[in-house]
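Asks: give me coordinates for this.
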Amino acid sequence: QVQLVESGGRLVQAGGSLRLSCAASGRTFSTYAMGWFRQAPGKEREFVAAISWSSGSTYYADSVKGRFTLSRDNAKNTAYLQMNNLKPEDTAVYYCSTGVDFGPWADDDKMYPYWGQGTQVTVSS
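Replies: Predicted coordinates:
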């Protein structure tokens, strides 16, 4: 089992920045990916970004590319999603996930067995 705990979500004005954290504990593997997804009210969950725990390779959705940066601290088993130039359309509950090896499927939420509880990000215009 793997436990994930997100933090850092809050209300922010458009153009502002936030850093979300996801701390992992339990049975983690260095080959795993950590994915971030988000879900806005009335919409389906969508991929945001993913990172390889071992190599640090990253993969971003086009909608956040150039604004969001995903990093990880292996010693702390924690990943960080730095979000800059936030827009009202970034408003959503953000979830981190893991449990699948990093690969081309990293943007598919169905591949991830472990999920955090989510953290709310609200961007006001």
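
Asks: pretty sure S71 is touching S52, no?
Replies: No: S71 is beyond contact range of S52, at 11.4 Å (criterion: C-beta atoms under 8 Å). To be clear about C-beta, it is placed using only N, CA and C from the backbone, and glycine gets the same treatment.

Asks: so between these two, which is more surrounded?
Replies: More neighbours surround S52 than the other of S71 and S52, with 19 against 13 (other C-beta atoms under 10 Å).

Asks: could you check how far the more buried one is from T119?
Replies: Per C-beta to C-beta, to the nearest Å, S52 is found 22 Å from T119.

Asks: same check, this time on A79
Replies: 13 Å.

Asks: quick one: which of these two has more around it?
Replies: A79 (27 against 22).

Asks: hmm, what's the outermost residue in this structure?
Replies: Distance from the C-alpha centroid of the chain, by C-alpha atoms, centre = their mean, peaks at S125 (22.7 Å).

Asks: not counting sequence-adjacent ones, nearest residue to it?
Replies: Of all residues not flanking S125 in the chain, P88 sits nearest, at 4.7 Å (C-beta to C-beta, 6 or more residues apart in numbering).

Asks: ok, the residue farthest from the centre of the chain touching A14?
Replies: Yes: at 5.2 Å, S125 and A14 qualify as touching, with contact defined as C-beta under 8 Å.

Asks: what touches both of the two?
Replies: P88 (C-beta atoms under 8 Å, 6 or more residues apart in numbering).

Asks: pretty sure A14 is one of the things the residue nearest to S125 touches, is it not?
Replies: Yes: between P88 and A14 a contact is recorded at 5.9 Å, counting by C-beta under 8 Å.

Asks: neighbour count winner among the two?
Replies: It is A14, of P88 and A14, that has more neighbours when counted by other C-beta under 10 Å, with 14 against 11.

Asks: give me phi/psi at that one?
Replies: The phi/psi pair for A14 (degrees, to the nearest 10) reads phi -60, psi 140.
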